[in-house]
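*Asks:* let's see this in three dimensions:
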Amino acid sequence: MQTTFGLVNLWEQGDAVTRLVVVLLLMMSLASWTVIAVKAIGVLRVKRLASRAESFWHSTDLAQGLVNLGPTRDNPFRSLAEEGRDATAHHSNTRAQLHDTLDISDWVTRCLRNAVDDNVARLQSGLAVLASVGSTAPFVGLFGTVWGIYHALMGISASGQASIDKVSGPIGEALIMTALGLAVAIPAVLGYNALVRGNKSVVGKLNRFAHDLHAYFVTGARVKMAGGGLGAPSPSPSLSPSASA
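*Replies:* Just a heads-up that it's a prediction; the model follows:
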C-alpha cells in the first residue's frame, strides 16, 4: 500500500494546533503580500507625482502651480505647497496667537516640516507588518515542525511500529511547516527592504521640494533657480505668495 505525504495530508492528519499554525502562516502571508502590493503601488504613484514638481516651478502663478501638481488626494507634493501657502497667509494676516510672534521663516519651516513628517508617516505605515512577519514567521513554522514531530512520534509509539519508513514519512511531513514559515518570511523581508529603499527616494524628493517651497514663500524665489515662472529671482507682485494666497 502506498502512503502519500504532503501539506494536504498534514492538514488532514494534523490536530488543532497543527491546523492553527498553518492558518496563521497563511494569514501572515496574505497580510504581507497585501501590504507589499498596496505600498508598492503607492510608492510608484508618488514617484510619478514627483515628476510634476518641476512643472510647478514653471507655472505662471501659485494657483496654476497647484493645478499642475495634480489632485489633492494622496498627493504629498500638493499638500506641501498648500501647507506653505496657508502658513504664509496665516502669518501675514494674524497676530493673535503665540506662534504668530515667530519669524515667518521659522513659521513656514515648522509647518513644512510637520507636513513632511505626516507624509513620511503615511509612506511608512504598514512596514511594521512586514517586519513582524519577516521576523516571526520562521519561528512559527519551526513551532509547527516541532509540534508535528511530537505528534508523529506519539502516533508511531501508539502503533508500535518504529521502522524507518514509518518514521521518515511523518517527520518529513512535519518539516514542511519550517519550509512554509520560510516561504512566508522571505517575501516579507525582501518586500520590506525594497519599500524602505523606495520610501527613502521619495522622502528625499519631498525634502528638496519643501526646501524650495520654503525659499519661495519666504523670499519669493526658488533656491538656485534661473528663468521665469515661480522660480524667478525677482518675481512680479502677482507671483508673490501673499498675492497668490
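*Asks:* return the distance of residue 37 relative to residue 29.
*Replies:* Separation of residue 37 from residue 29 (CB to CB, to the nearest Å) stands at 12 Å. Every C-beta, even on glycine, is put in place using the N, C-alpha and C of the backbone.
*Asks:* same for the lengthiest helix in the chain, what does it pack against?
*Replies:* Looking across the chain with DSSP state H, the single longest helix is helix 176-219. Applying 3 or more CB pairs under 8 Å, 6 or more residues apart in numbering; DSSP states H and E, one finds that helix 176-219 contacts helix 7-13, helix 16-56, helix 76-93, helix 104-124, helix 127-159.
*Asks:* just name the most buried of those helices.
*Replies:* helix 76-93 (a mean of 20; mean count of other CB atoms under 10 Å).
*Asks:* which other helices and strands contact that helix?
*Replies:* So helix 76-93, by 3+ CB pairs under 8 Å, 6+ apart, packs with helix 16-56, helix 62-68, helix 104-124, helix 176-219, helix 241-244.
*Asks:* relative to helix 104-124, how tilted is it?
*Replies:* With axes from the mean of the first three to the mean of the last three CA atoms, to 10 degrees defining the directions, helix 76-93 sits at 150 degrees from helix 104-124.
*Asks:* helix 76-93 - what's its average pLDDT?
*Replies:* In this model, helix 76-93 has an average pLDDT of 81.
*Asks:* name the surrounding residues that touch it.
*Replies:* Helix 76-93 is contacted by residues 46, 49-50, 52-53, 56, 62, 65-66, 69-72, 100, 102, 104, 107-108, 110-112, 114-116, 118-119, 122, 202, 206, 209-210, 213-214, 216-217, 241-242, 244-245 when judged by CB atoms under 8 Å, 6 or more residues apart in numbering.
*Asks:* that one: how far from the chain's middle?
*Replies:* Relative to its chain's centre, helix 76-93 lies at 25 Å (CA atoms, centre = their mean, to the nearest Å).
*Asks:* with just CA atoms, put that helix into PDB.
*Replies:* Extracted as PDB, the C-alpha positions of helix 76-93 are listed here (Å, rounded to 0.1, in the frame of the first residue of the first chain):
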ATOM      1  CA  PRO A  76       2.200  64.800  -0.800                       C
ATOM      2  CA  PHE A  77       3.700  67.400  -3.100                       C
ATOM      3  CA  ARG A  78       0.500  69.400  -3.400                       C
ATOM      4  CA  SER A  79      -0.200  69.100   0.300                       C
ATOM      5  CA  LEU A  80       3.300  70.600   1.000                       C
ATOM      6  CA  ALA A  81       2.600  73.500  -1.400                       C
ATOM      7  CA  GLU A  82      -0.900  74.100   0.200                       C
ATOM      8  CA  GLU A  83       0.600  73.900   3.700                       C
ATOM      9  CA  GLY A  84       3.200  76.500   2.700                       C
ATOM     10  CA  ARG A  85       0.600  78.800   1.200                       C
ATOM     11  CA  ASP A  86      -1.700  78.500   4.200                       C
ATOM     12  CA  ALA A  87       1.200  79.100   6.600                       C
ATOM     13  CA  THR A  88       2.300  82.200   4.800                       C
ATOM     14  CA  ALA A  89      -1.200  83.600   4.600                       C
ATOM     15  CA  HIS A  90      -1.800  82.900   8.300                       C
ATOM     16  CA  HIS A  91       1.400  84.500   9.400                       C
ATOM     17  CA  SER A  92       0.700  87.600   7.300                       C
ATOM     18  CA  ASN A  93      -2.900  88.100   8.400                       C
END
